[in-house]
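1. Below are the sequence and a predicted model; questions follow.
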Amino acid sequence: MNILVINCGSSSLKYQLIDMNGEEVLAIGLVERIGIEGSRIKHDTTGKERYIIEEPMKDHRKALELVLNAIVDEEHGAISSLDEIGAVGHRVVHGGEDFSGSIIIDENVMEALEKNVELAPLHNPPNIIGINACKELMPNIQMVAVFDTAFHQTIPAENYIYALPFEYYEKYKVRKYGFHGTSHKYVSQRAAEMTGKDIKDLKIVTCHLGNGSSITAVDGGESIDTSMGFTPLEGLAMGTRCGDMDPAIIPFIMEKENMSIEEVNKMLNKKSGVLGISGVSSDFRDLDEADEQGNERATLALNLFANRVKKYIAAYAAQMGGIDVLVFTAGLGENSPSMRERICKGLECLGATIDKELNNVRGKDTIISNESSKVKIMVIPTNEELMIARDTLELVSNR
Ligand code: ADP
(Lines give C-alpha, C1' and ligand atoms only; values in the text may rest on other atoms or scores of the structure.)
Protein backbone atom coordinates (compact mmCIF):
# COMPACT_ATOMS: atom_id res chain seq x y z
CA MET A 1 0.00 0.00 0.00
CA ASN A 2 1.16 3.57 -0.75
CA ILE A 3 0.87 5.97 2.19
CA LEU A 4 0.99 9.75 1.86
CA VAL A 5 2.55 11.43 4.90
CA ILE A 6 1.66 15.07 5.49
CA ASN A 7 3.31 17.51 7.89
CA CYS A 8 1.63 20.93 7.78
CA GLY A 9 3.26 24.00 9.31
CA SER A 10 1.81 27.51 9.38
CA SER A 11 3.22 28.45 5.95
CA SER A 12 4.83 25.19 4.88
CA LEU A 13 3.85 21.63 4.00
CA LYS A 14 6.21 18.66 3.89
CA TYR A 15 5.12 15.41 2.29
CA GLN A 16 6.34 11.95 1.38
CA LEU A 17 4.70 9.20 -0.59
CA ILE A 18 5.94 5.85 0.70
CA ASP A 19 5.37 2.41 -0.81
CA MET A 20 5.01 0.26 2.31
CA ASN A 21 5.95 -2.92 0.42
CA GLY A 22 9.64 -2.45 1.06
CA GLU A 23 9.20 0.97 2.77
CA GLU A 24 10.46 2.79 -0.29
CA VAL A 25 10.08 6.55 -0.76
CA LEU A 26 8.37 7.20 -4.10
CA ALA A 27 8.20 10.99 -3.85
CA ILE A 28 9.17 13.67 -1.37
CA GLY A 29 8.52 17.38 -1.35
CA LEU A 30 8.32 20.67 0.42
CA VAL A 31 5.91 23.56 -0.10
CA GLU A 32 7.09 26.91 1.18
CA ARG A 33 5.52 30.34 1.63
CA ILE A 34 1.88 29.20 1.56
CA GLY A 35 -0.31 32.30 1.76
CA ILE A 36 2.71 34.56 1.20
CA GLU A 37 4.12 35.98 -2.03
CA GLY A 38 6.61 33.62 -3.70
CA SER A 39 4.91 30.27 -2.91
CA ARG A 40 6.73 27.29 -4.37
CA ILE A 41 6.91 23.50 -4.33
CA LYS A 42 10.10 21.46 -4.57
CA HIS A 43 8.98 18.01 -5.65
CA ASP A 44 11.33 15.03 -6.06
CA THR A 45 10.12 11.77 -7.50
CA THR A 46 12.65 8.99 -6.93
CA GLY A 47 14.70 8.48 -10.09
CA LYS A 48 13.47 11.67 -11.78
CA GLU A 49 14.68 15.25 -11.99
CA ARG A 50 13.50 17.80 -9.44
CA TYR A 51 10.22 19.48 -10.35
CA ILE A 52 9.76 23.07 -9.13
CA ILE A 53 6.32 24.67 -9.14
CA GLU A 54 6.13 28.41 -8.66
CA GLU A 55 2.55 29.52 -8.50
CA PRO A 56 0.45 31.57 -6.05
CA MET A 57 -0.94 29.37 -3.25
CA LYS A 58 -3.37 31.33 -1.18
CA ASP A 59 -3.97 28.55 1.35
CA HIS A 60 -3.08 24.97 2.28
CA ARG A 61 -5.93 23.58 0.17
CA LYS A 62 -4.48 25.15 -2.97
CA ALA A 63 -0.98 23.95 -2.01
CA LEU A 64 -2.24 20.41 -1.46
CA GLU A 65 -4.12 20.43 -4.74
CA LEU A 66 -0.87 21.27 -6.56
CA VAL A 67 1.03 18.64 -4.56
CA LEU A 68 -1.49 15.95 -5.54
CA ASN A 69 -1.24 17.08 -9.18
CA ALA A 70 2.55 16.80 -8.99
CA ILE A 71 2.33 13.30 -7.50
CA VAL A 72 0.20 12.05 -10.43
CA ASP A 73 1.83 14.26 -13.10
CA GLU A 74 2.57 12.24 -16.21
CA GLU A 75 6.10 13.56 -16.60
CA HIS A 76 7.19 14.32 -13.01
CA GLY A 77 4.87 12.17 -10.92
CA ALA A 78 5.28 8.92 -9.00
CA ILE A 79 1.90 7.24 -9.55
CA SER A 80 -0.73 7.49 -12.24
CA SER A 81 -3.85 8.09 -10.16
CA LEU A 82 -4.81 9.21 -6.65
CA ASP A 83 -6.59 5.85 -6.27
CA GLU A 84 -3.12 4.40 -5.74
CA ILE A 85 -2.87 6.21 -2.39
CA GLY A 86 -4.14 3.79 0.26
CA ALA A 87 -4.22 6.15 3.24
CA VAL A 88 -2.88 9.47 4.54
CA GLY A 89 -0.91 9.89 7.78
CA HIS A 90 -0.86 13.36 9.34
CA ARG A 91 1.69 14.62 11.81
CA VAL A 92 -0.14 16.41 14.62
CA VAL A 93 1.89 18.22 17.28
CA HIS A 94 -0.33 18.11 20.35
CA GLY A 95 -2.73 15.36 21.37
CA GLY A 96 -2.99 16.53 24.99
CA GLU A 97 -4.14 13.78 27.34
CA ASP A 98 -6.66 12.52 24.79
CA PHE A 99 -4.33 10.41 22.66
CA SER A 100 -1.78 7.87 23.81
CA GLY A 101 -1.32 6.50 20.31
CA SER A 102 -2.08 7.21 16.69
CA ILE A 103 -5.73 7.14 15.65
CA ILE A 104 -7.98 6.99 12.60
CA ILE A 105 -9.44 10.46 12.08
CA ASP A 106 -13.21 10.83 12.53
CA GLU A 107 -15.49 13.58 13.80
CA ASN A 108 -14.69 12.86 17.48
CA VAL A 109 -10.97 13.07 16.78
CA MET A 110 -11.45 16.42 14.99
CA GLU A 111 -13.32 17.74 18.03
CA ALA A 112 -10.52 16.65 20.35
CA LEU A 113 -7.93 18.29 18.08
CA GLU A 114 -9.86 21.56 18.20
CA LYS A 115 -9.97 21.32 21.99
CA ASN A 116 -6.21 20.89 22.15
CA VAL A 117 -5.52 24.05 20.09
CA GLU A 118 -5.32 25.85 23.43
CA LEU A 119 -2.25 23.75 24.33
CA ALA A 120 -0.47 24.29 20.99
CA PRO A 121 -1.82 27.53 19.52
CA LEU A 122 0.96 27.82 16.92
CA HIS A 123 1.15 24.20 15.80
CA ASN A 124 -2.24 22.48 15.95
CA PRO A 125 -4.20 24.96 13.76
CA PRO A 126 -2.09 24.34 10.61
CA ASN A 127 -2.27 20.56 11.30
CA ILE A 128 -6.08 20.80 11.39
CA ILE A 129 -6.15 22.91 8.22
CA GLY A 130 -4.05 20.22 6.48
CA ILE A 131 -6.43 17.45 7.53
CA ASN A 132 -9.47 19.42 6.35
CA ALA A 133 -7.85 20.19 2.99
CA CYS A 134 -7.09 16.46 2.49
CA LYS A 135 -10.68 15.56 3.42
CA GLU A 136 -11.97 17.94 0.77
CA LEU A 137 -9.62 16.75 -1.96
CA MET A 138 -9.66 13.02 -1.13
CA PRO A 139 -13.04 12.48 0.57
CA ASN A 140 -12.96 8.69 0.45
CA ILE A 141 -9.51 8.09 1.80
CA GLN A 142 -8.77 6.94 5.35
CA MET A 143 -6.64 9.30 7.39
CA VAL A 144 -4.65 8.81 10.56
CA ALA A 145 -3.34 11.36 13.08
CA VAL A 146 0.08 10.68 14.57
CA PHE A 147 0.92 12.85 17.56
CA ASP A 148 4.28 14.22 18.75
CA THR A 149 3.03 13.88 22.32
CA ALA A 150 1.49 10.38 22.19
CA PHE A 151 4.65 8.33 22.87
CA HIS A 152 5.10 10.25 26.14
CA GLN A 153 1.65 9.45 27.53
CA THR A 154 3.21 6.50 29.41
CA ILE A 155 5.22 8.91 31.62
CA PRO A 156 4.14 8.38 35.25
CA ALA A 157 2.54 11.23 37.22
CA GLU A 158 5.58 11.77 39.43
CA ASN A 159 7.46 12.75 36.29
CA TYR A 160 4.77 14.78 34.55
CA ILE A 161 3.28 16.79 37.41
CA TYR A 162 4.91 20.16 38.16
CA ALA A 163 5.44 21.19 41.77
CA LEU A 164 2.79 23.89 41.47
CA PRO A 165 -0.64 24.12 43.14
CA PHE A 166 -2.39 20.96 41.90
CA GLU A 167 -5.44 22.95 40.81
CA TYR A 168 -3.57 24.22 37.70
CA TYR A 169 -3.28 20.66 36.49
CA GLU A 170 -6.96 20.02 37.26
CA LYS A 171 -8.24 23.28 35.80
CA TYR A 172 -5.91 23.85 32.85
CA LYS A 173 -4.10 20.52 32.32
CA VAL A 174 -0.76 22.19 33.08
CA ARG A 175 1.64 19.20 33.08
CA LYS A 176 4.60 17.81 31.15
CA TYR A 177 3.54 16.47 27.73
CA GLY A 178 6.86 16.11 25.92
CA PHE A 179 7.46 16.35 22.16
CA HIS A 180 9.46 14.70 19.33
CA GLY A 181 7.66 11.50 20.40
CA THR A 182 7.57 10.02 16.90
CA SER A 183 11.34 10.43 16.63
CA HIS A 184 12.10 9.02 20.09
CA LYS A 185 9.86 6.05 19.34
CA TYR A 186 11.45 5.38 15.94
CA VAL A 187 15.07 5.53 17.12
CA SER A 188 14.44 3.49 20.28
CA GLN A 189 12.83 0.72 18.18
CA ARG A 190 15.67 0.85 15.68
CA ALA A 191 18.23 0.76 18.52
CA ALA A 192 16.63 -2.40 19.90
CA GLU A 193 16.82 -3.96 16.42
CA MET A 194 20.51 -3.06 16.23
CA THR A 195 21.26 -4.76 19.56
CA GLY A 196 19.27 -7.84 18.51
CA LYS A 197 17.39 -7.73 21.83
CA ASP A 198 13.72 -7.30 22.68
CA ILE A 199 13.01 -3.63 23.45
CA LYS A 200 11.14 -4.83 26.57
CA ASP A 201 14.51 -5.82 28.06
CA LEU A 202 16.32 -2.56 27.31
CA LYS A 203 16.90 0.75 29.09
CA ILE A 204 17.48 3.33 26.37
CA VAL A 205 18.22 7.07 26.48
CA THR A 206 17.44 8.80 23.17
CA CYS A 207 18.95 12.24 22.45
CA HIS A 208 17.11 14.10 19.66
CA LEU A 209 19.48 17.02 19.10
CA GLY A 210 18.50 19.44 16.33
CA ASN A 211 17.34 22.99 16.26
CA GLY A 212 14.87 21.93 18.93
CA SER A 213 16.32 19.27 21.23
CA SER A 214 14.93 16.78 23.71
CA ILE A 215 16.01 13.66 25.58
CA THR A 216 13.85 10.71 26.55
CA ALA A 217 14.24 7.79 28.95
CA VAL A 218 12.75 4.72 27.24
CA ASP A 219 12.36 1.84 29.68
CA GLY A 220 11.15 -1.43 28.18
CA GLY A 221 9.94 0.41 25.07
CA GLU A 222 7.94 3.05 26.98
CA SER A 223 8.78 6.70 27.55
CA ILE A 224 9.08 7.21 31.32
CA ASP A 225 10.48 10.75 31.25
CA THR A 226 11.41 13.40 28.72
CA SER A 227 13.09 16.78 28.87
CA MET A 228 10.54 18.96 27.06
CA GLY A 229 7.52 19.87 29.12
CA PHE A 230 4.19 21.68 28.94
CA THR A 231 5.70 23.33 25.87
CA PRO A 232 8.92 22.64 23.92
CA LEU A 233 10.69 25.36 25.94
CA GLU A 234 11.72 23.16 28.88
CA GLY A 235 14.81 20.99 29.18
CA LEU A 236 17.97 21.33 27.12
CA ALA A 237 19.34 24.62 25.91
CA MET A 238 18.46 24.71 22.19
CA GLY A 239 19.20 26.74 19.07
CA THR A 240 17.15 29.69 20.29
CA ARG A 241 15.21 28.32 23.31
CA CYS A 242 16.42 28.76 26.88
CA GLY A 243 15.50 25.35 28.34
CA ASP A 244 15.67 24.87 32.12
CA MET A 245 16.22 27.91 34.31
CA ASP A 246 15.05 29.54 37.52
CA PRO A 247 11.49 30.72 36.70
CA ALA A 248 11.98 33.74 38.99
CA ILE A 249 14.23 35.21 36.28
CA ILE A 250 11.14 35.84 34.14
CA PRO A 251 9.33 38.41 36.33
CA PHE A 252 12.74 39.92 37.26
CA ILE A 253 13.69 40.63 33.63
CA MET A 254 10.15 41.65 32.68
CA GLU A 255 10.28 44.33 35.33
CA LYS A 256 13.82 45.51 34.56
CA GLU A 257 13.27 45.66 30.78
CA ASN A 258 9.63 46.66 30.92
CA MET A 259 8.67 43.67 28.78
CA SER A 260 5.20 42.44 27.84
CA ILE A 261 4.18 38.76 28.02
CA GLU A 262 4.53 38.55 24.26
CA GLU A 263 8.02 40.05 24.33
CA VAL A 264 9.26 37.80 27.09
CA ASN A 265 7.86 34.74 25.30
CA LYS A 266 9.72 35.78 22.16
CA MET A 267 12.94 36.34 24.10
CA LEU A 268 12.77 32.89 25.74
CA ASN A 269 11.83 31.05 22.52
CA LYS A 270 13.64 32.96 19.78
CA LYS A 271 16.55 34.90 21.26
CA SER A 272 17.93 32.55 23.90
CA GLY A 273 19.67 29.16 23.76
CA VAL A 274 23.06 28.88 22.10
CA LEU A 275 22.23 31.93 19.95
CA GLY A 276 21.59 34.05 23.04
CA ILE A 277 24.74 32.88 24.81
CA SER A 278 27.12 33.11 21.87
CA GLY A 279 25.67 36.09 20.02
CA VAL A 280 26.94 34.21 16.95
CA SER A 281 24.27 31.82 15.62
CA SER A 282 21.72 29.17 16.49
CA ASP A 283 23.40 26.81 14.03
CA PHE A 284 25.96 24.52 15.60
CA ARG A 285 28.10 24.53 12.45
CA ASP A 286 28.63 28.28 12.87
CA LEU A 287 29.38 27.77 16.56
CA ASP A 288 32.00 25.11 15.79
CA GLU A 289 33.67 27.51 13.39
CA ALA A 290 33.62 30.38 15.89
CA ASP A 291 34.91 28.04 18.61
CA GLU A 292 37.85 27.05 16.40
CA GLN A 293 38.62 30.72 15.84
CA GLY A 294 38.79 31.25 19.61
CA ASN A 295 35.39 32.88 20.21
CA GLU A 296 34.96 32.28 23.96
CA ARG A 297 31.20 32.74 24.03
CA ALA A 298 30.78 30.18 21.25
CA THR A 299 32.88 27.75 23.29
CA LEU A 300 30.77 28.54 26.36
CA ALA A 301 27.55 27.86 24.41
CA LEU A 302 28.86 24.49 23.15
CA ASN A 303 30.08 23.41 26.60
CA LEU A 304 26.86 24.53 28.30
CA PHE A 305 24.79 22.65 25.72
CA ALA A 306 26.85 19.46 26.15
CA ASN A 307 26.69 19.66 29.95
CA ARG A 308 22.91 19.91 29.95
CA VAL A 309 22.65 16.83 27.74
CA LYS A 310 25.07 14.97 30.02
CA LYS A 311 23.06 15.88 33.14
CA TYR A 312 19.87 14.49 31.62
CA ILE A 313 21.56 11.28 30.47
CA ALA A 314 22.87 10.66 33.98
CA ALA A 315 19.54 11.54 35.59
CA TYR A 316 17.66 9.18 33.28
CA ALA A 317 20.17 6.38 33.86
CA ALA A 318 19.52 6.79 37.58
CA GLN A 319 15.74 6.84 37.10
CA MET A 320 15.81 3.60 35.09
CA GLY A 321 18.39 1.95 37.33
CA GLY A 322 20.89 1.73 34.48
CA ILE A 323 21.35 2.34 30.80
CA ASP A 324 21.99 -0.19 28.03
CA VAL A 325 21.83 2.05 24.96
CA LEU A 326 22.46 5.74 24.33
CA VAL A 327 21.20 7.06 20.98
CA PHE A 328 22.08 10.27 19.14
CA THR A 329 19.72 11.50 16.43
CA ALA A 330 18.48 14.60 14.48
CA GLY A 331 20.58 17.26 12.69
CA LEU A 332 23.20 17.78 15.39
CA GLY A 333 23.09 14.31 16.95
CA GLU A 334 23.50 12.59 13.59
CA ASN A 335 26.12 14.90 12.11
CA SER A 336 28.39 16.26 14.81
CA PRO A 337 31.16 13.94 16.07
CA SER A 338 32.63 16.82 18.11
CA MET A 339 29.37 17.43 20.01
CA ARG A 340 28.90 13.70 20.68
CA GLU A 341 32.44 13.58 22.04
CA ARG A 342 31.84 16.62 24.29
CA ILE A 343 28.65 15.03 25.64
CA CYS A 344 30.16 11.59 26.26
CA LYS A 345 33.21 12.95 28.11
CA GLY A 346 32.63 11.92 31.72
CA LEU A 347 29.98 9.31 30.94
CA GLU A 348 32.66 6.61 31.29
CA CYS A 349 31.55 6.51 34.94
CA LEU A 350 28.23 5.08 33.72
CA GLY A 351 30.02 2.54 31.52
CA ALA A 352 29.63 4.54 28.30
CA THR A 353 32.87 4.95 26.35
CA ILE A 354 32.91 6.42 22.88
CA ASP A 355 35.35 5.16 20.21
CA LYS A 356 36.98 8.17 18.52
CA GLU A 357 37.39 6.45 15.17
CA LEU A 358 33.89 4.95 15.05
CA ASN A 359 32.47 8.30 16.18
CA ASN A 360 33.80 9.92 13.03
CA VAL A 361 30.55 9.21 11.22
CA ARG A 362 27.63 11.24 9.83
CA GLY A 363 24.03 10.35 9.15
CA LYS A 364 24.03 6.56 9.15
CA ASP A 365 23.09 3.80 11.62
CA THR A 366 26.33 3.08 13.51
CA ILE A 367 27.50 1.84 16.90
CA ILE A 368 30.12 4.34 18.10
CA SER A 369 31.04 2.92 21.53
CA ASN A 370 34.23 0.89 21.93
CA GLU A 371 34.36 -2.88 22.53
CA SER A 372 34.64 -2.61 26.29
CA SER A 373 31.82 -0.08 26.71
CA LYS A 374 28.96 -1.52 28.78
CA VAL A 375 26.57 0.96 27.18
CA LYS A 376 26.08 0.72 23.42
CA ILE A 377 26.32 4.27 22.05
CA MET A 378 24.63 4.68 18.66
CA VAL A 379 24.02 7.18 15.88
CA ILE A 380 20.62 6.55 14.27
CA PRO A 381 19.19 8.95 11.66
CA THR A 382 15.61 9.65 12.66
CA ASN A 383 12.77 8.98 10.23
CA GLU A 384 9.56 10.48 11.54
CA GLU A 385 7.82 10.13 8.16
CA LEU A 386 8.42 6.38 8.06
CA MET A 387 7.17 6.02 11.64
CA ILE A 388 4.00 7.95 10.70
CA ALA A 389 3.54 5.74 7.62
CA ARG A 390 4.01 2.56 9.68
CA ASP A 391 1.43 3.66 12.28
CA THR A 392 -0.97 4.63 9.49
CA LEU A 393 -0.59 1.30 7.72
CA GLU A 394 -1.10 -0.64 10.95
CA LEU A 395 -4.30 1.22 11.82
CA VAL A 396 -5.93 1.09 8.39
CA SER A 397 -4.97 -2.59 7.91
CA ASN A 398 -6.61 -3.53 11.22
CA ARG A 399 -9.86 -1.91 10.34
P1 ADP B 1 14.91 20.80 13.30
O2 ADP B 1 14.80 20.79 14.79
O3 ADP B 1 14.68 22.16 12.70
O4 ADP B 1 14.21 19.66 12.60
P5 ADP B 1 17.34 19.42 12.52
O6 ADP B 1 17.12 18.16 13.22
O7 ADP B 1 17.34 19.44 11.03
O8 ADP B 1 16.45 20.59 13.06
O9 ADP B 1 18.75 19.98 13.01
C10 ADP B 1 19.25 21.20 12.53
C11 ADP B 1 20.51 21.55 13.29
O12 ADP B 1 21.48 20.50 13.15
C13 ADP B 1 21.18 22.78 12.70
O14 ADP B 1 20.78 23.92 13.40
C15 ADP B 1 22.64 22.53 12.91
O16 ADP B 1 23.03 23.25 14.04
C17 ADP B 1 22.77 21.06 13.22
N18 ADP B 1 23.67 20.41 12.24
C19 ADP B 1 23.34 19.88 11.05
N20 ADP B 1 24.45 19.39 10.44
C21 ADP B 1 25.49 19.62 11.27
C22 ADP B 1 26.90 19.34 11.22
N23 ADP B 1 27.46 18.75 10.17
N24 ADP B 1 27.65 19.74 12.28
C25 ADP B 1 27.09 20.35 13.33
N26 ADP B 1 25.78 20.62 13.43
C27 ADP B 1 25.00 20.28 12.42
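-> Structure received. Residues are numbered from 1 along each chain as shown.
2. Spit out the contact partners of the closest residue to the ligand within the stretch 151-300 of the chain.
-> Residue of the stretch 151-300 of the chain nearest the ligand, by C-beta to the nearest ligand atom: residue 210 (2.4 Å). For glycine as for every other residue, the C-beta is placed from the backbone atoms N, C-alpha and C. When contacts are counted by C-beta atoms under 8 Å, 6 or more residues apart in numbering, residue 210 touches 239, 330-333.
3. Contact partners for the residue nearest to it when sequence neighbours are not counted?
-> Spatial nearest neighbour of residue 210, excluding adjacent residues (C-beta to C-beta, 6 or more residues apart in numbering): residue 330 at 3.6 Å. The contact partners of residue 330, by C-beta under 8 Å, 6+ apart, come to 180, 183, 208-210, 213, 382.
4. Just the ones in helices from the residues you listed, please.
-> residue 183 (DSSP state H).
5. out of the contacts of residue 330, who has the most neighbours?
-> residue 208 (31 neighbours; other C-beta atoms under 10 Å).
6. In three-state terms, label the residue lying closest to residue 327 once chain neighbours are set aside for me.
-> Leaving out its chain neighbours, the residue that sits closest to residue 327 by C-beta to C-beta, 6+ apart is residue 206, at 4.6 Å. Put simply, residue 206 is strand when judged by DSSP: H, G, I helix; E, B strand; the rest coil.
7. of all the residues in the chain, which ones are close to the ligand?
-> 210-212, 239, 283-285, 330-332, 335-336 (C-beta under 6 Å from any ligand atom).
8. Surely residue 327 and residue 380 touch.
-> Yes. Using C-beta atoms under 8 Å, residue 327 is in contact with residue 380, at 5.4 Å.
9. which residues in the stretch 101-250 of the chain form helices?
-> With helices called from DSSP state H, counting those that start in this stretch, the stretch 101-250 of the chain shows them at 107-115, 124-137, 157-160, 167-172, 181-195, 249-257.
10. With respect to residue 148, which of those helices lies nearest?
-> helix 181-195 (5.1 Å; C-beta to C-beta).
11. List the buried residues in the closest one.
-> For helix 181-195, the neighbour count (16 or more other C-beta atoms under 10 Å) marks 181-192, 194-195 as buried.
12. Roughly how far does the most far-flung residue of the chain relative to its centre sit from residue 227?
-> The C-alpha centroid of the chain is most remote from residue 256, which lies 34.8 Å away (C-alpha atoms, centre = their mean). To residue 227, residue 256 is 28 Å away according to C-beta to C-beta, to the nearest Å.
13. Could you do residue 175 as well?
-> Applying C-beta to C-beta, the value for residue 175 to residue 227 is 15 Å.
14. One more: residue 337?
-> Residue 337 is 22 Å from residue 227, by C-beta to C-beta.
15. more crowded one of the two?
-> residue 227 (27 against 17).
16. and the more buried one, what does it touch?
-> 178, 213-216, 234-236, 243, 312.
17. Kindly reformat those as JSON lines containing pLDDT.
-> Listed next are the contacts of residue 227 as JSON lines, based on pLDDT from 0 to 100:
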{"residue": "178", "pLDDT": "97"}
{"residue": "213", "pLDDT": "97"}
{"residue": "214", "pLDDT": "98"}
{"residue": "215", "pLDDT": "98"}
{"residue": "216", "pLDDT": "98"}
{"residue": "234", "pLDDT": "97"}
{"residue": "235", "pLDDT": "98"}
{"residue": "236", "pLDDT": "98"}
{"residue": "243", "pLDDT": "98"}
{"residue": "312", "pLDDT": "98"}
